[in-house]
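Visitor: Dropping the sequence and predicted coords here.
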Amino acid sequence: MSQFRCVIQEGSTADARSDELERRLQDHHARHYPGEASSVSWVTVAPGYMFTEGRRSTSSVISCFVDHETTRDDREIYMRGICDLWTELTDCTDHEVVVSLTETAAASQE
């Protein structure tokens, strides 16, 4: 099963809309990888305790762990879709969304 781990700030739009974000992340994953389930977990950080470039941050961090190998083109489309849905639902900018992807199946075979 693939997983999303989302780090957001308490009181942010992402915090207020986490149920909808969770549903949309899982829908996006199911469309992109048919038949593959995903789960979402949340880490909510108190305001003022996230930093980017030494300054307080308004960013959200979405770490994706997929249970198979991917191609570069596939990753770009998948990650762009996550960024797009996140900015649509939270009104943040692309600069406030950090998306990463880790291939867990490939890593466990080494």
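Guide: Perfect, thanks for sending it.
Visitor: How far off centre is the biggest helix by length in the chain?
Guide: The single longest helix within the chain, with elements called by DSSP state H, is helix 72-90. Centroid displacement of helix 72-90 relative to its chain, using CA atoms, centre = their mean, to the nearest Å, is 9 Å.
Visitor: Buried residues, it. List them.
Guide: Residues of helix 72-90 classed as buried by neighbour count (16 or more other CB atoms under 10 Å): 78-79, 81-83, 85-87, 89-90. Backbone N, C-alpha and C define where each C-beta goes, glycine included.
Visitor: I figured Thr87 hits Thr93, correct?
Guide: Yes. With contact defined as CB atoms under 8 Å, Thr87 and Thr93 form a contacting pair (6.7 Å).
Visitor: which residues does Ser60 contact?
Guide: 6-9, 12, 14, 86, 90, 92, 96-98 (CB atoms under 8 Å, 6 or more residues apart in numbering).
Visitor: just Val61 next, same as before
Guide: Val61 touches 6-8, 98, 100, counting by CB under 8 Å, 6+ apart.
Visitor: Okay, and which of those residues map to strands?
Guide: Under the assignment DSSP state E, those contribute 6-8, 98, 100 to strands.
Visitor: Out of those residues, which is nearest to Arg23?
Guide: Cys6 (12.8 Å; CB to CB).
Visitor: hey, what's that closest one bridged with?
Guide: Note on Cys6: beta-bridge partners by DSSP bridges are Trp42, Ile62.
Visitor: Now do the residue most central in space within the chain against Gly54, distance only.
Guide: With distances taken as CA atoms, centre = their mean, Ile62 lies nearest the centre of the chain, 2.6 Å away. Separation of Ile62 from Gly54 (CB to CB, to the nearest Å): 22 Å.
Visitor: re earlier: farthest pair within the contacts of Val61?
Guide: Ile8 and Ser100 (14.8 Å).
Visitor: Look at these two and report which has more neighbours.
Guide: Neighbour count, other CB atoms under 10 Å: between Ile8 and Ser100, Ile8 has more, with 24 against 11.
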